[in-house]
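J.: Kindly generate the corresponding structure for this input.
(chains A, B and C)
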Amino acid sequence: MVELVTEFVLEARGLRKSFGGQEVLKGVDLAVRERELVFVIGPSGSGKSTLLRCCNRLEEPDGGHVLVGGVDLMARGTDINAMRRRVGMVFQSFNLYPHMTALGNVSLALRKVVGRPRRAAGEEALAALDRVGLAAKAASYPAQLSGGQQQRVAIARALALQPQIMLFDEPTSALDPELVGDVLRTMRELSASGMTMLVVSHEMRFARDAADRVVFMDGGAIVEEGTPAAIFGQPFAERTRAFLGELAR
Amino acid sequence: MSAFAAQFLDLSIMWQAAPLIRRGLGTTLLLCAIVIPLGLAGGLGVALLSLAPSRLVRWPLAVAVDVFRAVPPLVLLIFVYAGLPFAGLRPSPIEAVAIAFFLNTSSYYGEIFRAGLGSIGRGQSEAARSTGLTGAQTLAYVVLPQAVRNVLPDLMSNTVEAVKLTSLGSVVALPELLYSADMARSLTYNASPLILAGAIYLAILWPLVRLISRFENRPAGDTALG
Amino acid sequence: MGPTALDRFADAFLNPVVTARYLPAILKGVVVTIEVAAAVIVTGLALGLALAVLRSFRIRPLNVAIVVAVDILRALPPLVLILIVYFGLPNAGLTIPSFAVLWLVLSLVLAAFAEEIFWAGILSVRAGQWEAARSTGLGFGGTLAYVVLPQAIRIAVPPLTNRTIAITKNTALGSVIGVGEILNQATTAQSFSGNATPLTLGALAYLVLFIPVVALGRWIEHRFRWNRA
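T.: Presented below is the predicted three-dimensional model:
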């Protein structure tokens, strides 16, 4: 394992990725500090989801490096499964396992990846469910939960592994409007408790209120980044202004 | 290995058996031309009758369908061929095959058509009736085409089974493909004619089997394993 | 039909004397049918699942071999396979008892159909399920075993039940090569007794065996449509 000294929890360096000849990431650099909440915004097709998915190698980058806690995910000797434990991921479509209860969903990796005995895994999973306010639903199957509850269980599933950083890939896009608030509240609490988070989302109000830094991507590259006040207040780049103007209409 | 090849892949024996097997193939195709249309028609009838409002129609039909699905087709065939003479009827082998497999395949086709009809929402026939189409027209032009499309893979798969079923005709000495090949085998003491017959069945059915499995293996969304 | 005609009919198809005489033989056939069927179901389903799992590793030459073998077994009438193995192998110097021929052929046929059904089940599990599991650190094998297969098998159960029933009924083909199952006992008894009653008994035996299974299959089909999240 190659350990490098870095002040960042997550660092992407020169990430490149193409799909069928089309370059989706054109050498992206992005770094996230401990306890930071970084928001990635941009038009669809700008490469923000691909960037996120490269950060735990669900998508294999064509070039560049991803460092998590100083460990290069792309290096040869790196145990990717061990590293993925340290990078929690929350998906747009929840992707809960439909054949398992909420508790089963959360405790599976604790048992099979971390190797906790069943009992201890159950206790830790229950604690994680409690953090998202769903300890009472531990025995429910995904089909018995609302979309917002399902997404919070998915957050607990990632949280239970005590990751160093959590990635959120449009976590509220598949939700009915009235269910979005619950998930955002959970995310805000997570951030307040010190979790490092990288979020791809269209929830601009949430970005404005909660983010430490906002990154605007377009055409496979980062166009500009800054505090929410700066990006939403007086964006530098023409493209950022156009994008935000489009949203405001 | 050469003993193996001599026993299964003797080309000169296959060549000798070819005329017999060609006639057998003709009979097999004839059987298919009888069994498949009869089964499809019977199956459609079963499906439509199972929508009948009266329980006096539906229940006996459901029992009959289950009975003919529970009894192995060969047992049905033997029963018709060797049993009916005791009731004073003497079906020829081809009649016995037609009767037995009509009962069997129309039960299976019936279940498939029934599922297909069930998959079409009420709204479709209500919309059609609201434009003045009769019940029969609604069925023929609106409901059935959609129903058939929804269960096409199952219909094709059952048709493959029906073709394979005709090979059972050999048991009642009907000189179809398998019977002819087996006769050639017993004349030559060599299994190559059976392999030839197998190859012919493959040539007929493999394209269908491939097509069916293409239908069945449509991945959910953008699946990427691993 | 007058009463005499009905009597004659009953005499030919459900004769009490013939029934008493040949029922034991038919029952012996029932035992054999159950034995072969059970053996076929166990080996066929296990082999089918194993092949589907093997296929999910996507080793190209292996998968081509699996697909070709499965296609052939699905396209050939089982009686053709039975005759090839039964008559061909002894001449090539390999003798297998007819019971084993029937078991072997039907197991392979069931395995072929089961492989296709399990594989379709594996494919129908959404990509997001793999991704979610992999993102928590589960490896390929763990994801397959704990997340994908449980869902795939559940999807496979209804079609698999119906297919298994259909192939299990093919144990009747054993009569052609002299396996002492129900149909064989029935036709033998019929020719000895000159009466159709043994055939009726045979058919009834199949009904008793299979009607519950057919009903179970239908029940499972309704039961197993569950809400996928």
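J.: Any chance you could list what contacts the lowest-mean-pLDDT helix or strand in chain B?
T.: Lowest by mean pLDDT, DSSP states H and E among the helices and strands of chain B is helix B:2-8, with a mean of 78. Identification of contacts with helix B:2-8 by C-beta atoms under 8 Å, 6 or more residues apart in numbering or on different chains yields B:190, B:191, B:192, B:195, C:84, C:88, C:91, C:92, C:93. Every residue, glycine included, has its C-beta placed from N, CA and C.
J.: Pull the contacting residues for the residue nearest to residue A:196 when sequence neighbours are not counted.
T.: Spatial nearest neighbour of residue A:196, excluding adjacent residues (C-beta to C-beta, 6 or more residues apart in numbering or on different chains): residue A:165 at 4.3 Å. Taking C-beta under 8 Å, 6+ apart, we find residue A:165 in contact with A:9, A:10, A:32, A:68, A:86, A:87, A:88, A:195, A:196, A:197, A:198.
J.: ok but the third one is inside a strand, no?
T.: Put plainly, it is residue A:32. Yes. According to DSSP: H, G, I helix; E, B strand; the rest coil, the state of residue A:32 is that of a strand.
J.: so who does residue 142 touch?
T.: No chain in the question, so chain A it is. A:94, A:96, A:97, A:98, A:102, A:105, A:150, A:153, C:229.
J.: please go with chain C instead
T.: A:112, A:113, C:133.
J.: try 7 Å this time
T.: Taking C-beta atoms under 7 Å, 6 or more residues apart in numbering or on different chains as the criterion, residue C:142 is in contact with residue A:112.
J.: residue ranges of the strands in chain A, please?
T.: A:8-19, A:22-33, A:37-41, A:63-68, A:71-72, A:87-90, A:165-169, A:197-200, A:213-218, A:221-226 (DSSP state E).
J.: Sheet-wise, list the partners of the fourth one with their directions.
T.: So that's strand A:63-68. Under the criterion DSSP bridges, strand A:63-68 sits next to strand A:8-19 (antiparallel), strand A:71-72 (antiparallel) in its sheet.
J.: Check the contact between residue C:201 and residue C:186; I expect there is one.
T.: Yes. Counting by C-beta atoms under 7 Å, residue C:201 sits close enough to residue C:186 to count as a contact (6.4 Å).
J.: give me the number of residues near the residue lying closest to residue C:82 once chain neighbours are set aside?
T.: In space, and not counting its chain neighbours, residue C:82 is closest to residue C:105: 5.0 Å by C-beta to C-beta, 6+ apart. Other residues within reach of residue C:105, judged by other C-beta atoms under 10 Å in any protein chain shown, total 26.
J.: quick one: residue A:30 from chain C, how far?
T.: From residue A:30 across to chain C, the span is 19 Å (C-beta to the nearest C-beta, to the nearest Å).
J.: Can you list the low-confidence ranges for chain A?
T.: The model of chain A has pLDDT under 70 over residues A:1-6, A:249.
J.: From the centroid of it, which residue is nearest?
T.: By C-alpha atoms, centre = their mean, the mean C-alpha position of chain A lies nearest to residue A:167, the distance being 1.3 Å.
J.: Any idea what it is bridged to?
T.: Here residue A:167, judged by DSSP bridges, has bridge partners residue A:89, residue A:198.
J.: For chain B, which segments count as helices?
T.: Using DSSP state H, the helices assigned to chain B run over residues B:2-8, B:11-49, B:55-70, B:73-78, B:93-118, B:122-130, B:135-137, B:144-150, B:152-165, B:177-188, B:192-216.
J.: May I see those organised as CSV, with mean neighbour count added?
T.: Output for the helices of chain B, formatted as CSV (neighbours: other C-beta atoms under 10 Å in any protein chain shown):
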stretch, mean neighbour count
helix B:2-8, 14
helix B:11-49, 18
helix B:55-70, 16
helix B:73-78, 25
helix B:93-118, 22
helix B:122-130, 12
helix B:135-137, 11
helix B:144-150, 16
helix B:152-165, 20
helix B:177-188, 22
helix B:192-216, 19
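J.: and those, which one is worst for confidence?
T.: Of all these, the minimum mean pLDDT falls on helix B:2-8 (a mean of 78).
J.: now the farthest one out in chain A, which residue is it?
T.: residue A:119 (28.4 Å).
J.: And stretch A:184-201, end to end?
T.: 11 Å (C-alpha to C-alpha, to the nearest Å).
J.: Okay, buried residues for it please.
T.: Across stretch A:184-201, burial judged by 16 or more other C-beta atoms under 10 Å in any protein chain shown covers A:184, A:186, A:187, A:190, A:191, A:195, A:196, A:197, A:198, A:199, A:200, A:201.
J.: and the closest residue to the fifth one other than its chain neighbours, what are its bridge partners?
T.: For residue A:191, ignoring the flanking residues on the chain, the nearest one in space by C-beta to C-beta, 6+ apart is residue A:37 at 4.7 Å. On the basis of DSSP bridges, residue A:37 takes part in beta bridges with residue A:197.
J.: Could you pull up the residues touching residue A:37?
T.: Counting by C-beta under 7 Å, 6+ apart, residue A:37 has contacts A:191, A:197, A:199, A:210, A:211, A:212.
J.: what's the helix or strand for residue C:153?
T.: helix C:149-169 (DSSP states H and E).
J.: that older thread, hang on, isn't the residue nearest to the centre of chain A packed against residue A:55?
T.: Yes. Contact status for residue A:167 versus residue A:55: in contact at 5.8 Å, counting by C-beta under 7 Å.
J.: List the buried residues in the longest helix seen in chain C.
T.: For chain C, the helix with the greatest residue count under DSSP H is helix C:16-55. Neighbour counts using 16+ other C-beta under 10 Å place C:18-19, C:21-22, C:25-26, C:29-30, C:32-33, C:36-37, C:39-41, C:43-45, C:47-49, C:51-53, C:55 of helix C:16-55 among the buried residues.
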